[in-house]
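>>> Pasting the sequence and the predicted model now:
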Amino acid sequence: MSKKEQVKALITKQECMTGEIFEMRIKAESIAAEAKAGQFVSLYCKEGGRLLPRPISICGIDKEKGELRLVYRIAGEGTREFSKMQAGDEITVTGPLGNGFMTEDLKDGMHAVLLGGGIGIPPMLELAKVLPGEKTIVLGYRDADTFLAKEFEAYGKVLIASDNGAVGVKGNVVDAMKAEGVKGDLFFACGPKPMLRGIKEYAAAQGARAQLSLEERMACGIGACLACVCKTTKVDEHSQVNNTRICKEGPVFYAEDIEL
Amino acid sequence: MNLSVNIAGVTLKNPVTVASGTFGSGMEYGEFVDLNRLGAVTTKGVANVPWPGNATPRIAETCGGMMNAIGLQNPGLRVFKERDLKFLADYDTKIIVNVCGRSKEDYIDAVEQLADTNADLLEINISCPNVKEGGIAFGQNPKMAEEITAAVKKVAKQPVIMKLSPNVTDITEMARAVEAGGADAVSLINTLTGMKIDVERRTFAVANKTGGLSGPAIKPVAVRMVYQVANAIKLPIIGMGGIRTAEDALEFLMVGASAVAVGTANFVNPYATLEVIDGIAAYMGRHGIQDINELIGCVK
Ligand SMILES: Cc1cc2nc3c(=O)[nH]c(=O)nc-3n(C[C@H](O)[C@H](O)[C@H](O)COP(=O)(O)OP(=O)(O)OC[C@H]3O[C@@H](n4cnc5c(N)ncnc54)[C@H](O)[C@@H]3O)c2cc1C
Ligand SMILES: Cc1cc2nc3c(=O)[nH]c(=O)nc-3n(C[C@H](O)[C@H](O)[C@H](O)COP(=O)(O)O)c2cc1C
Ligand code: FES
């Protein structure tokens, strides 16, 4: 378990990548030291009326500089507020939260498939960086704004899908996998629920395991409030019912353990 | 300087606890704060058997507050006693166990199961707005409130705090009813029933349609209600509703609460409880007050 902390972090970079997608880098040494791929942080707004943290995945970890890279989409007033902050400003952040991907499942000689859809793409970049061996990376976008795609090329073969067909295969990442006949021994994914459902099926058909990263509204972000649950196939150890906490036991789960 | 207060014969080392449901049983926030420093830990509502709670989304943010409809998901008393109460046994803090139920029998079963445990106080939630018959029927009808209080008192081995709902016309009527039923203390307020619409999706922001509003937005309502109850009954009061800072907590103490609970503020600042405790001590220092009890109810 990583040690969690709430700190005031210095923003070292803030940049619009494309359209409503922004990149923010923050200096948060204690969090960066503990963080791993697939974990997230809670970002807090300065506007006092907005109380709750905004959960944002960790897209990159620079242990040397003690920095985290976050890539986010303006989805409402909170993320809009973040996009207006600038290098030199401070932001309150809690982390690292959740457990991240189970990278130890990838054994020698196994082929990994990494899938990201939309704003589920950012956490896959840090995973691509740390996962050893050969991998296929499939990224799904809305349109031709293929943020981060270039950076993935350093880590494996990259396939692209877009909802409107502007680049790559028209459709989502599952359509792209089908078009290319992608095979893998272990699947890792983050993205919208319909996409995750498709991946669960696709991986199961190959007899491969899939690790899926989920989203839900959060209040505490650390497992205390029971806001962020998802349904589980078996009775959960902590809750004693078929519910598990995404912020605490997740956000990454084995596909077979959860109901999507 | 004395910060300790007395609730129904139980001494809290300081007047600050946490609001049920916002702090689990302390395991998670224990990674941020030293639980030994809290006057008491108040645990998430627990029932005689596990409850699955509501569908998601269970929460929504509102300006200066939030709405929740968790639906009292809980692991049931068997596991709660084995795990949560054992965990808390290692800390030098008082334990307030919040109990929920769907019927009189549920409450009695739960309270009986707690008889031989290290719980110091029981807080009976008759005010959760988020579950059908989840206690709220007891919380809005004075006759039923008195009856359930009397029934619980009959079997309880620990002092009983009745947690009152603000979703009533006259809170003093409910306070008098539980006093008549034999309650040892009251706590208030639980959340205010609210609703939020997601206009983009043209649907309710929380799956349950309605949710309980909490956070800074409700504080003035809570302070007013604590003031009214303090003037209506003789029982000690645990005040809550939107407390974030020591000044917020002092408002509640000054209108008559003997202790206060920090709830939604934990989500914003996991260190909020400690900042409230330190802030109260600093206030007392600044104003030359030797005993916190001098402040309780000082604003008439
Ligand atoms: C584990 C996790 C990781 C995430 N990683 C990223 C990421 O890397 N990049 C990114 O752009 N987005 C990410 N999201 C989604 C992001 O949290 C929301 O887009 C953001 O909270 C919206 O806030 P807002 O104030 O702009 O929107 P509003 O709609 O105004 O927010 C209102 C409330 O709803 C919550 N909320 C709204 N949408 C979501 C959502 N999709 N998921 C959870 N809570 C939501 C907000 O936190 C806030 O409390 C992640 C979500 C989760 C749960
Ligand atoms: C997420 C959440 C869960 C809650 N669960 C419970 C509960 O299980 N039992 C209970 O009596 N009150 C519950 N409450 C109500 C709080 O204990 C408290 O009365 C209310 O939130 C007002 O305080 P606050 O504004 O400081 O949060 C819950 C509140 C929230 C926000
Ligand atoms: S957000 Fe509170 S338990 Fe996950």
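All right, it came through fine. Ligands and ions are numbered 1, 2, ... in the order given.

>>> Going by C-alpha atoms from here, please, whenever you check contacts or count neighbours.
OK.

>>> so where's the longest helix in the chain?
You didn't say which chain, so I picked chain A. helix A:193-205 (DSSP state H).

>>> wait, chain B
Longest helix in chain B, counting residues (DSSP H): helix B:272-287.

>>> Contacts for that one, please.
B:3, B:14-18, B:33, B:37-38, B:244-247, B:249-250, B:262, B:265-266, B:290, B:292 (Cα atoms under 8 Å, 6 or more residues apart in numbering or on different chains).

>>> again with stretch A:39-47
A:51-58, A:78, A:81-82, A:91-101, A:123, A:221, A:251, B:268.

>>> In ChimeraX, how would I select the buried members of those?
Command for ChimeraX that selects the buried part of these, burial taken from 16 or more other Cα atoms under 10 Å in any protein chain shown:
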select /A:51,52,53,54,55,56,57,58,78,82,91,92,93,94,95,96,97,98,99,100,101,123,221,251 /B:268
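
>>> Just the ones of the contacts of stretch A:39-47 in strands?
A:Arg54, A:Pro55, A:Ile56, A:Ser57, A:Ile91, A:Thr92, A:Val93, A:Thr94, A:Gly95, A:Pro96, A:Leu97 (DSSP state E).

>>> Which members of those residues are the farthest-apart pair?
For the ones in strands among the contacts of stretch A:39-47, the maximum inter-member distance is 16.6 Å, found between A:Ile91 and A:Leu97 (Cα to Cα).

>>> list the buried ones in the longest helix of chain A?
For helix A:193-205, the neighbour count (16+ other Cα under 10 Å) marks A:Met195, A:Leu196, A:Ile199, A:Lys200, A:Tyr202, A:Ala203 as buried.

>>> and it, what other elements does it pack with?
The contact analysis (3 or more Cα pairs under 8 Å, 6 or more residues apart in numbering or on different chains; DSSP states H and E) places helix A:193-205 against helix A:173-180, strand A:186-190, strand A:209-213.

>>> does any bit of it sit next to ligand 1?
No - Helix A:193-205 is not in contact with ligand 1 by Cα under 6 Å from any ligand atom; minimum separation 10.9 Å.

>>> List the contacts of that helix.
Contacts for helix A:193-205 (Cα under 8 Å, 6+ apart): A:117, A:172-174, A:184, A:186-187, A:189-190, A:209-210, A:212, A:214, A:255-256, A:260.

>>> returning to what we had before: could the buried residues of helix A:193-205 go into JSON lines alongside pLDDT?
Output for the buried residues of helix A:193-205, formatted as JSON lines (pLDDT from 0 to 100):
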{"residue": "A:Met195", "pLDDT": "96"}
{"residue": "A:Leu196", "pLDDT": "97"}
{"residue": "A:Ile199", "pLDDT": "97"}
{"residue": "A:Lys200", "pLDDT": "97"}
{"residue": "A:Tyr202", "pLDDT": "96"}
{"residue": "A:Ala203", "pLDDT": "97"}
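
>>> Could you give the number of residues near B:Thr11?
Residues lying near B:Thr11 (other Cα atoms under 10 Å in any protein chain shown) number 16.

>>> Checking my notes, it in a strand, right?
Yes - B:Thr11 forms part of a strand when assessed by DSSP: H, G, I helix; E, B strand; the rest coil.

>>> which ones are touching the closest residue to ligand 2 within chain A?
Closest to ligand 2 within chain A is A:Cys225: 5.0 Å, counting by Cα to the nearest ligand atom. The contact partners of A:Cys225, by Cα under 8 Å, 6+ apart, come to A:Ala219, B:Gly21, B:Thr22, B:Phe23, B:Gly24.

>>> again with A:Gly78
A:Cys45, A:Arg50, A:Arg54.

>>> ditto for B:Val33
Neighbouring residues of B:Val33 by Cα under 8 Å, 6+ apart: B:Pro270, B:Tyr271, B:Leu274.

>>> try B:Met1
For B:Met1, the contacting residues are B:Ile289, B:Gln290, B:Asp291, by Cα under 8 Å, 6+ apart.

>>> Can you verify my assumption that B:Ile189 contacts B:Val168?
No - applying Cα atoms under 8 Å, one finds B:Ile189 not in contact with B:Val168, separated by 11.1 Å.

>>> Out of these two, name the residue with the larger neighbour count.
Of the pair B:Ile189 and B:Val168, B:Ile189 is the one with more neighbours under other Cα under 10 Å, namely 28 against 14.

>>> pLDDT score assigned to the residue of the stretch 201-300 of chain B found nearest chain A?
Closest residue of the stretch 201-300 of chain B to chain A, Cα to the nearest Cα: B:Phe267 (4.6 Å). Predicted confidence (pLDDT) at B:Phe267: the value is 98.

>>> Number of residues surrounding it?
B:Phe267: 23 neighbours (other Cα under 10 Å).

>>> So it sits against A:Leu52, correct?
Yes - here B:Phe267 lies in contact with A:Leu52, judged by Cα under 8 Å, at a distance of 6.7 Å.

>>> which neighbours do these two share?
Taking Cα under 8 Å, 6+ apart as the criterion, B:Phe267 and A:Leu52 both touch A:Ala219, A:Cys220.

>>> which SS class is the residue in chain B positioned nearest to ligand 1?
Residue nearest to ligand 1 within chain B (Cα to the nearest ligand atom): B:Glu61, separated by 5.2 Å. Counting by three-state DSSP, the backbone at B:Glu61 sits in strand.

>>> wait, isn't it in contact with B:Met67?
Yes - using Cα under 8 Å, B:Glu61 is in contact with B:Met67, at 6.3 Å.

>>> and residue 124, what is it in contact with?
By default, I'm working from chain A. A:Met124 touches A:Ala37, A:Gly38, A:Cys59, A:Leu114, A:Leu115, A:Gly116, A:Ala189, A:Cys190, counting by Cα under 8 Å, 6+ apart.

>>> The intended chain is chain B.
Residues counted as contacts of B:Ile124 (Cα under 8 Å, 6+ apart) are B:Asn98, B:Val99, B:Cys100, B:Val160, B:Ile161, B:Met162, B:Lys163.

>>> quick one: low-confidence ranges for the chain?
All of this is about chain A. Residue ranges of chain A with pLDDT under 70: A:1.

>>> please go with chain B instead
Using pLDDT under 70, chain B drops low at B:128-136.

>>> ok, 80 please
Applying pLDDT under 80 to chain B flags the ranges B:127-137.

>>> which residues of it fall in helices?
With DSSP H as the criterion, chain B has helices spanning B:77-79, B:86-89, B:104-113, B:136-140, B:142-155, B:171-180, B:219-232, B:246-254, B:265-268, B:272-287.

>>> List of residues touching the first one?
Residues lying outside helix B:77-79 but in contact with it, judged by Cα under 8 Å, 6+ apart, are A:Gln240, B:Val46, B:Ala47, B:Asn48, B:Val49, B:Pro50, B:Ala110, B:Gln113.

>>> okay, now B:Trp294: neighbour count?
Not Trp; residue B:294 is Glu. Neighbour tally, B:Glu294, other Cα under 10 Å: 12.

>>> Same check on A:Lys183?
17.

>>> Can you select the buried ones among the contacts of helix A:193-205 for me in ChimeraX?
Buried residues among the contacts of helix A:193-205 (16+ other Cα under 10 Å), as a ChimeraX selection:
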select /A:117,172,173,174,184,186,187,189,190,209,210,212,214,255,256
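
>>> Among the contacts of helix A:193-205, which one sits closest to A:Gly19?
A:Gly117 (16.5 Å).

>>> so the closest one bridges to which residues?
Under DSSP bridges, the beta-bridge partners of A:Gly117 are A:Gly140.

>>> A:Glu215 against A:Ile246, yeah?
Yes - A:Glu215 is in contact with A:Ile246 according to Cα under 8 Å; the separation is 7.2 Å.

>>> okay, these two: which has more neighbours?
The neighbour count for A:Glu215 versus A:Ile246, taken as other Cα under 10 Å, is higher for A:Ile246 (27 against 19).

>>> ok, that one - contacts?
Residues near A:Ile246 by Cα under 8 Å, 6+ apart: A:Gly98, A:Leu214, A:Glu215, A:Glu216, A:Cys228, A:Val229, A:Cys230, A:Val252.

>>> Nearest residue to the last one in space, please, no chain neighbours.
Counting by Cα to Cα, 6 or more residues apart in numbering or on different chains, the nearest residue to A:Val252 once its immediate chain neighbours are dropped is A:Ser213, at 4.1 Å.
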